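Visitor: quick one: sequence plus predicted model below, questions after.
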Amino acid sequence: MRTVLITGASSGIGTACAETLAAENYRLILCARREERLKALKLNILSKHPTCEIHVMVLDVRRYEETLSAIETLPEAWKNIDVLINNAGLSQGLEPIQDGDIGDWDRMIDTNVKGLLYVTKSVIPLLKKSELAHIINIGSIAGKEVYPNGNVYCATKHAVDSLNKAMRIDLLPLGIKVTAVNPGMVETEFSEVRFKGDVDKAKSVYAGLTTLNGYDIAEIISFVLSRPAHVNINDLLVMPTAQANGTLVKRNN
Ligand code: NDP
Ligand code: 8X3
C-alpha cells in the first residue's frame with residue numbers, strides 16, 4: 001500500500017486527488033491550512049472507504065521551520081512516504097505589472113515557489129527510503145506561456161516548470177520519479193482566491209465554458225502513478241477541449 005502526501009488537499013485538485021487515490025487504496029497524508037476542511041474531507045472519504053488510512057496535517061507551506069518540523073515529527077507509521085503531490089498554490093490579483101500589489105506577489109512567490117521547495121526538501125529524506133518514490137508537481141499552462149496580467153503568477157509556474165526539470169536531474173541518483181502535471185482551466189476555488197472572494201468575477205472566468213474539473217486531473221495523476229517502475233511520464237499539459245492556449249477559449253454564449 002503506497003502512502004501519498006498531498007499539499008492543498010482542502011480544495012479543488014487536491015481534494016479530488018485525495019478522493020481518487022483513496023479509492024485506489026493509497027494511505028493519505030492530507031495537508032493544508034484549513035483544518036476543518038481537512039477533517040471534513042477525512043470523514044467524507046471514510047464514509048465511502050472505511051478502511052482507508054488518513055493522517056491530517058495542518059501546514060502553511062510558506063513556513064519552512066513549521067513544515068520541516070511537521071514532516072520530521074510525523075508518527076512512525078506515517079514516515080514511509082512514497083508519493084508527494086506538490087499541489088498547494090494560488091494566484092492573487094490579475095493586474096498589469098505596473099499596478100501589481102507587492103503583497104500579492106509575495107504570497108504567490110512564497111506559496112508556489114518557496115513553499116513547494118520547502119515541502120520537497122522536507123519530504124525527500126522520507127521518499128529516499130521508498131522504492132516507488134515519486135514527486136508530482138502541479139504546474140500550469142501559465143508555466144508554459146505568459147498571458148496578459150498573469151505576470152507574477154506565470155513566473156511562479158515557470159519556476160515550477162524549471163524546478164520540475166531540476167528535480168529530475170538532481171534526484172536521478174536516488175531513483176525518485178519526477179512528473180509535472182500542467183493543467184489549463186480547472187474550475188475550483190482558484191479564481192475565487194485570485195479575485196479575493198469576488199464570486200461573480202470568479203464565475204465569469206468559466207462562463208460558457210466546459211472547463212476541466214479536479215477529478216480530470218486526479219485521474220491523470222492516478223494513471224501517472226500506475227506506470228511500471230521503469231516508466232516515468234516527465235511532463236503533461238492538460239487542457240479543456242474548449243481552451244487552445246493560455247488566452248484562447250471557445251465560449252458557448
Ligand atoms: P484551490 O484554491 O481550489 O485549492 C488550492 C489549495 O492550495 C487549497 O487546498 C489551499 O488550502 C492550498 N494552499 C494555498 N496556500 C497554501 C499554503 N500557504 N499552505 C498550504 N496550503 C495552501 O485551487 P486549485 O485546486 O485549482 O489549485 C491547486 C493547484 O493547481 C495550484 O498549484 C494551482 O496553481 C494549480 N493550477 C490550477 C488551475 C486552475 O485552473 N484551477 C490550472 C493550473 C494549475 P488552504 O487554503 O486550506 O491552505
Ligand atoms: C491556473 C490557470 O488560466 O490562470 O494556472 O493559467 S490559468
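Guide: Now that the structure is in, tell me what you want to look at. Ligands and ions are numbered 1, 2, ... in the order given.
Visitor: the closest residue to ligand 2 within the stretch 151-253 of the chain and residue 137, how far apart?
Guide: Closest contact between the stretch 151-253 of the chain and ligand 2, by CB to the nearest ligand atom, is at residue 185 (5.1 Å). (Each C-beta comes from the backbone N, C-alpha and C, glycine too.) From residue 185 across to residue 137, the span is 19 Å (CB to CB, to the nearest Å).
Visitor: ok, the two, which is more surrounded?
Guide: residue 137 (26 against 21; other CB atoms under 10 Å).
Visitor: how about the residues of the stretch 1-150 of the chain by ligand 2?
Guide: Where the stretch 1-150 of the chain comes near ligand 2, counting by CB under 6 Å from any ligand atom, the residues are 140, 141, 142.
Visitor: how near is the first one to residue 171?
Guide: So the one you mean is residue 140. The separation that residue 140 has from residue 171, given CB to CB, amounts to 22 Å.
Visitor: so between those two, which is more surrounded?
Guide: residue 140 (28 against 18).
Visitor: distance check, the more buried one against ligand 1.
Guide: When CB to the nearest ligand atom, to the nearest Å is the yardstick, residue 140 and ligand 1 sit 4 Å from each other.
Visitor: just the pLDDT for that residue.
Guide: Listed pLDDT for residue 140 reads 98.
Visitor: what does residue 85 show for phi and psi?
Guide: With angles defined as degrees, to the nearest 10, residue 85 shows backbone torsions of phi -110, psi 110.
Visitor: quick check: bridge partners of it?
Guide: Counting by DSSP bridges, residue 85 is bridged to residue 6, residue 136.
Visitor: follow-up on the earlier one: so what's the residue of the stretch 151-253 of the chain closest to ligand 2 closest to, chain neighbours aside?
Guide: The shortest distance from residue 185 to any residue that is not its chain neighbour, by CB to CB, 6 or more residues apart in numbering, is 4.5 Å, and that residue is residue 211.
Visitor: so where is the protein shaky, pLDDT-wise?
Guide: Confidence mapping of the chain against pLDDT under 70 gives the ranges 253.
Visitor: contact partners for the residue nearest in space to the middle of it?
Guide: Within the chain, the residue whose C-alpha comes closest to the C-alpha centroid is residue 87; the distance, by CA atoms, centre = their mean, is 1.2 Å. Taking CB atoms under 8 Å, 6 or more residues apart in numbering as the contact definition, residue 87 lies against 6, 7, 8, 9, 13, 14, 17, 136, 138.
Visitor: which residues does the nearest residue to the third one once chain neighbours are set aside contact?
Guide: It refers to residue 8. Once flanking residues are discounted, residue 8 sits nearest to residue 88: 3.4 Å by CB to CB, 6+ apart. Under the criterion of CB under 8 Å, 6+ apart, the neighbours of residue 88 are 7, 8, 14, 31, 32, 61, 111, 115, 116, 119.
Visitor: ok, back up a step: ok, the residue nearest to residue 185 touching residue 190?
Guide: No: with contacts counted by CB atoms under 8 Å, residue 211 stays clear of residue 190, the gap being 10.3 Å.
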